[in-house]
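Enquirer: Following is a predicted model, sequence given first.
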2 protein chains.
Amino acid sequence: MKVEILTIGDEVVRGEIVDSNKALIAQRLLELDLECHYQASVRDNPADMREAFEQAVRRSDLVIVSGGLGPTRDDVTTEVLADTLGRKLELDTDSLDRIRQFFAHVGREMAETNRKQAFFPTGAEVLANPVGTAPGFGVEEKGTLLYCLPGVPRELSCMLEEQVFPRLQARLEASVGVTRIRARLLRTFGLGESTLEKELSEIAREGDVDLAFRTSFPDNFLRVMARGASTREADQKIDSVVGQIRQQLGDLVYGEGDEVMEAVVGRLLTDQGRTIAVAESCTGGEIAERLTAIPGSSAYFLGGVVAYANSAKQSLLGVPEELLVEHGAVSEPVARVMAEGVCKLFGADIGVATTGISGPDGGTPEKPVGLVHIALHQAQGAAGASLSHAGEFVFSVDRAWHRTLTSQTALDWVRRSLLGLELSHPSLLRRSGDGGGPGR
Amino acid sequence: MKVEILTIGDEVVRGEIVDSNKALIAQRLLELDLECHYQASVRDNPADMREAFEQAVRRSDLVIVSGGLGPTRDDVTTEVLADTLGRKLELDTDSLDRIRQFFAHVGREMAETNRKQAFFPTGAEVLANPVGTAPGFGVEEKGTLLYCLPGVPRELSCMLEEQVFPRLQARLEASVGVTRIRARLLRTFGLGESTLEKELSEIAREGDVDLAFRTSFPDNFLRVMARGASTREADQKIDSVVGQIRQQLGDLVYGEGDEVMEAVVGRLLTDQGRTIAVAESCTGGEIAERLTAIPGSSAYFLGGVVAYANSAKQSLLGVPEELLVEHGAVSEPVARVMAEGVCKLFGADIGVATTGISGPDGGTPEKPVGLVHIALHQAQGAAGASLSHAGEFVFSVDRAWHRTLTSQTALDWVRRSLLGLELSHPSLLRRSGDGGGPGR
């Protein structure tokens, strides 16, 4: 089944808003095993709209149209679609009553302009809008099913759920031998996209299963998609392939789906009943910000110090002046003391510290821009004694990416330590001096 | 000139990412007075891509293509476009050298798969990519100009600016009788979009000048565009209109162009030779992270404390236990002591503090989710004495937006105090209890 999403509106095409509706619709359709093939957007322009409708009917089996159902002069989706399909517009008195009731309910008079929202192409099935004035409708033309919905995200989302999905589900169940699709997203950190693809080349070549790679700096995502005669068959295929990938990549896969690194770390800290504190120089608060972005993080995140000035490193974190004089602020000994110091300061089980030169200025021949030291301190290691790890990296990327890559590496260290893994996975060390992300 | 934007990628069409590239490109093209007519997205599927290319060449004069230039197997934009236009692929040895150099620079071997990124359709003009491996290219076919660029937003944005725009500008200038366009972006914080539009309705109606409004949470942007027979004439018109807008909105306009709030604050701190420190509870490090994201911030940013746990508020910031017991951590007295305490801790001129309930949980009938107290302490006020300000807000938005709105308000307070303005602009107070962003 070829699926198309068509959004209508000047503000979308001119880029005045980022149109999240298309992603919303496409994602929700995947839940019904319906994969979107085409996305298009046109302005509130009858000729452009007509061309888009004709194309959609020609090439697609299911078309979700969003936008242009409002009461204003430039909302012309219904009129133009009716005209394109050679149908008349007919008043639906039930809809007119509901629109009137909607206004009565909010204590306002219905404007005359809202009347047009109760007209639909001949043969259309009206779809009630429980959260706004604009009803939607479904119409069939030459084997293509079109659903027209409002552009307001809240109304669109509600009507997809309540009106469109039950109808689609019923149609899908009625049809025999439909192919089922299942997808899963694996999140990896530590390998470049091309290396990743090479590592998985054997797996990628298997039939019935698609493997797609996507860079979302500093991560690389793998999307595994499998088709089967039944959902169960597709699920089994995906389980098998994901198993192979995890065997091949091991702990480079840090999570699945929406679970970002800081959420994985938060889950592990919660499960193990441990607490964390952070001492940040070059990352400037980014690690703390990411950890506390997760709801419920107050259970394990005790606090952080952004020790930008050397005096703060001394007074708050207990870095001895001699250490700063002898090794400089960007050095392994200082990073180690920072991690240990912040553990003590907040009484945390785990302390993590960063000190580096994110640039663009501040580098020297001995300590170039991009250099960073990361340290992790565990107040109570496995044997009851404290443990400390430190590592040096050179990330030759711009200031923003340097901070992101440093905070992601630091968080990955926390994850690895909580899982009892080696901190410096060989592939991670290869990141030393890693460049910009590959194009997509 | 009919303009089309075509983005390519399974992840876009399947809705796995919200494709902000199309809006980015469309917005930037408006600065050249080029209005986008069509947006389309297709999967990494040669047949679909071919159809999209053919359609674009048929109906549009300028086509910006984004995505599918990476090194992996599913990146086939160049091959499919060459095939569609009936052209061969030719190796560009300069590009291959640059890609090799890029990898050498970051201390890695170029993978064999990256080689294909140096091939381009016959007759194409190669566009260098200064921030990634994937070069882009421009090609002309039957009067239609196509530019193919990477899909990575950072690379796309950079190449639009450095490669595509100068070429388009030159073409536009070469054509006769062209009107000159100048655009300027004003950044405002503290007024809703509809209020803003109403305030400026008189100005918006003047001829030859376009005023567009765009919400970029938590800011509202105004894009002023003026046309003239010469650049100078367009500049004069824009200066006049911007002057009127600034008179009308006053200090609600906090910056222009790319200058974000934390950059404005950094510039003011630098100019006045003053220093800052931050004490964050609910913002969790976001204010420190934003301030230190600005290059050179070590000159004025001394440090920050993320005092998530109450014990940290006591031991580090000197908040008395009685205050926490009597008023609770989320209270004005605690916010004031936090701001003063962090000033002392780092020896800073200005201290700013946040304490609130970002949600989703943790609210009570007296202190609902969304409540936040912000405090600002100046160690040395105008008269030599210390000054302290505090304010209570209820931001009824989700956790992420609550933190963003709180950090933006806190930074705006710093800006206002450095400019000697009232901290609580009446319009800002109206944000108290403000809902989500405006619908569309």
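Expert: It's in.
Enquirer: burial measure for A:A128, as a count.
Expert: A:A128 has 12 neighbours, counted by other CB atoms under 10 Å in any protein chain shown. Heads up, the C-betas are built off the backbone N, CA and C, glycines and all.
Enquirer: do the same with A:A390
Expert: 20.
Enquirer: Show me what whichever helix or strand it is part of packs onto, helices and strands only.
Expert: Counting by DSSP states H and E, the element that carries A:A390 is strand A:387-394. Judged by 3 or more CB pairs under 8 Å, 6 or more residues apart in numbering or on different chains; DSSP states H and E, the packing partners of strand A:387-394 are helix A:332-346, strand A:371-378, helix A:399-418.
Enquirer: Can you point out the buried residues in the first one?
Expert: Translated: helix A:332-346. Under the neighbour-count criterion of 16 or more other CB atoms under 10 Å in any protein chain shown, helix A:332-346 has A:333-343, A:345-346 buried.
Enquirer: tell me the angle of the following helix or strand past it relative to strand A:371-378?
Expert: Later in the chain than helix A:332-346, the nearest helix or strand by DSSP H and E is strand A:350-356. Per axes from the mean of the first three to the mean of the last three CA atoms, to 10 degrees, the angle that strand A:350-356 makes with strand A:371-378 is 170 degrees.
Enquirer: got the angle for strand A:350-356 vs helix A:399-418?
Expert: Strand A:350-356 and helix A:399-418 are oriented at 150 degrees to each other (the same axes, to 10 degrees).
Enquirer: can you list the helices and strands packed on strand A:387-394 in a markdown table and add mean pLDDT and distance to A:S297?
Expert: Output for the helices and strands packed on strand A:387-394, formatted as a markdown table (pLDDT from 0 to 100; distance: least, CB to CB, whole Å):
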| stretch | mean pLDDT | distance to A:S297 |
| --- | --- | --- |
| helix A:332-346 | 96 | 14 |
| strand A:371-378 | 96 | 18 |
| helix A:399-418 | 95 | 13 |
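Enquirer: Using JSON lines, please lay out the ones you listed together with distance to chain B.
Expert: Output for the helices and strands packed on strand A:387-394, formatted as JSON lines (distance: least, CB to the nearest CB, whole Å):
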{"stretch": "helix A:332-346", "distance to chain B": "6"}
{"stretch": "strand A:371-378", "distance to chain B": "13"}
{"stretch": "helix A:399-418", "distance to chain B": "6"}
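Enquirer: mind checking which of these is nearest B:V397?
Expert: helix A:399-418 (24.7 Å; CB to CB).
Enquirer: Show me what the closest one is packed against.
Expert: So helix A:399-418, by 3+ CB pairs under 8 Å, 6+ apart, packs with helix A:261-272, helix A:286-292, strand A:350-356, strand A:371-378, strand A:387-394.
Enquirer: Please identify which pair of the buried residues of helix A:332-346 lies farthest apart.
Expert: Farthest-apart pair in the buried residues of helix A:332-346 is A:P333 and A:F346; separation 21.2 Å (CB to CB).
Enquirer: per-residue confidence for A:V13?
Expert: pLDDT for A:V13: 93.
Enquirer: count of neighbours near it?
Expert: 28.
Enquirer: What residues does whichever residue of the stretch 51-200 of chain A sits closest to chain B make contact with?
Expert: Going by CB to the nearest CB, chain B is nearest to A:S194 of the stretch 51-200 of chain A, at 4.3 Å. Residues in contact with A:S194, defined by CB atoms under 8 Å, 6 or more residues apart in numbering or on different chains, are A:438, B:71-72, B:111, B:113-114.
Enquirer: try it again with 10 Å
Expert: A:S194 sits next to A:213, A:220, A:438, B:70-72, B:110-114, B:133 when contact means CB atoms under 10 Å, 6 or more residues apart in numbering or on different chains.
Enquirer: Correct me if wrong: A:A212 contacts A:L196.
Expert: No - using CB atoms under 10 Å, A:A212 makes no contact with A:L196, being 11.3 Å away.
Enquirer: Of these two, which one has the most company?
Expert: A:L196 (25 against 22).
Enquirer: ok, for the more buried one, nearest residue in space, not its chain neighbours?
Expert: Closest residue to A:L196 apart from its sequence neighbours, by CB to CB, 6 or more residues apart in numbering or on different chains: A:N220 at 5.5 Å.
Enquirer: In strands only, show me the contacts of A:S194.
Expert: Using DSSP state E, A:213, A:220 are the members of the contacts of A:S194 that sit in strands.
Enquirer: quick one: which of the contacts of A:S194 is nearest A:Y254?
Expert: Using CB to CB, the contacts of A:S194 come closest to A:Y254 at A:N220, 10.9 Å.
Enquirer: Which strand residues bridge that closest one?
Expert: Beta-bridge pairing for A:N220 (DSSP bridges): A:T188, A:T215.
Enquirer: For chain B, see how far away it is.
Expert: 10 Å (CB to the nearest CB, to the nearest Å).
Enquirer: Would you check that that residue makes contact with A:L185?
Expert: No - A:N220 lies out of contact with A:L185 (CB under 10 Å); the separation is 11.2 Å.
Enquirer: got any residues that touch both of the two?
Expert: Shared contacts of A:N220 and A:L185, counting by CB under 10 Å, 6+ apart, come down to A:R214.
Enquirer: These two: who's more crowded?
Expert: More crowded of A:N220 and A:L185, by other CB under 10 Å: A:N220, with 24 against 18.
Enquirer: buried set for stretch A:261-279?
Expert: So stretch A:261-279, judged by 16+ other CB under 10 Å, has buried residues A:261-269, A:274-279.
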